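Enquirer: Below is the sequence, then the predicted model.
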Amino acid sequence: MKNLNLLLSAGWLMSAWVLYSLAVVWALYKFPWRSLRDSRVVQHLFLGLTFAVALLWLMRVAIYPGLEVHFLGATVLTLMFGWPMALISTAIAGAGSVFFSDVNASVYGIYGVIRGVVPVLVSFSIFKLTDWYLPKHFFIYMFVNCFFGAGIAVFISALFLIGVLWLSASYPLSFLYSEYFVYLPLIMFPEALITGMVMTGMMVYHPDWIKTFDSTVYLDENK
């Protein structure tokens, strides 16, 4: 999202900062501090995945100013830790990727909303809906929460960015459709595939590391 500060007015940037600050404060309030403090495994996973996501966000391809292609990683964080830890993880990763790149710090708020808040909440919502309404089965968790969830998170995040750029009159809607929207499947599939592969490996070898996955339920042979 490089050069968003040149496309968006101060009002848009300030509104995003306020919204993002509220989301981060709420995540800090709900953050499972005891789990992080008491578990060395959780500490290593949290720091390691946060660092990995920060690196992913640094590896981006700019199509036009404000329009980029890159991996999010938000679905992995959400399924691994739950939404509060995932949101704080993306906040730290976002701060790191802004600090170690030429992105203007004024876009950190909108950056955090689009790359953090939106995909994390979408991923967590899909998980909750699946948990409530679908059978608790290994393949349902893998395909719906991991593969489908990651793809939809990228899609909604991109739609949010398109909406901001259109409503702010940064680009006409026809341009955003022809130059960005039509290519979303090419962005969604790799994100979904990588998320599915990472989470499947975790589910098979270290299911106890995944906060949203209960191996005694999802791997019940009696189902």
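Expert: All right, it came through fine.
Enquirer: From now on I want contacts and neighbour counts done on CA atoms only, so please keep to that.
Expert: Will do.
Enquirer: any idea how far the residue sitting nearest the centre point of the chain is from residue 137?
Expert: The centroid of the chain falls nearest to residue 74 when counting by CA atoms, centre = their mean (2.4 Å). Residue 74 is 22 Å from residue 137, where distance means CA to CA, to the nearest Å.
Enquirer: Kindly report the same for residue 54.
Expert: 32 Å.
Enquirer: Would you agree the residue nearest to the centre of the chain is in contact with residue 86?
Expert: Yes - if you go by CA atoms under 8 Å, residue 74 and residue 86 touch, sitting 7.0 Å apart.
Enquirer: Mind jotting down where the helices sit in this protein?
Expert: Ranges of helices within the chain are 4-7, 10-30, 33-38, 40-58, 74-81, 83-99, 108-112, 118-133, 138-140, 149-167, 173-179, 184-205, 215-218, based on DSSP state H.
Enquirer: Out of those helices, which is closest to residue 64?
Expert: helix 173-179 (8.8 Å; CA to CA).
Enquirer: Sort out which residues of that closest one are buried, please.
Expert: Within helix 173-179, the residues scored as buried using 16 or more other CA atoms under 10 Å are 173, 176.
Enquirer: Stretch 154-169 too?
Expert: Quick answer for stretch 154-169 (16+ other CA under 10 Å): 154, 155, 157, 158, 159, 161, 162, 164, 165, 166.
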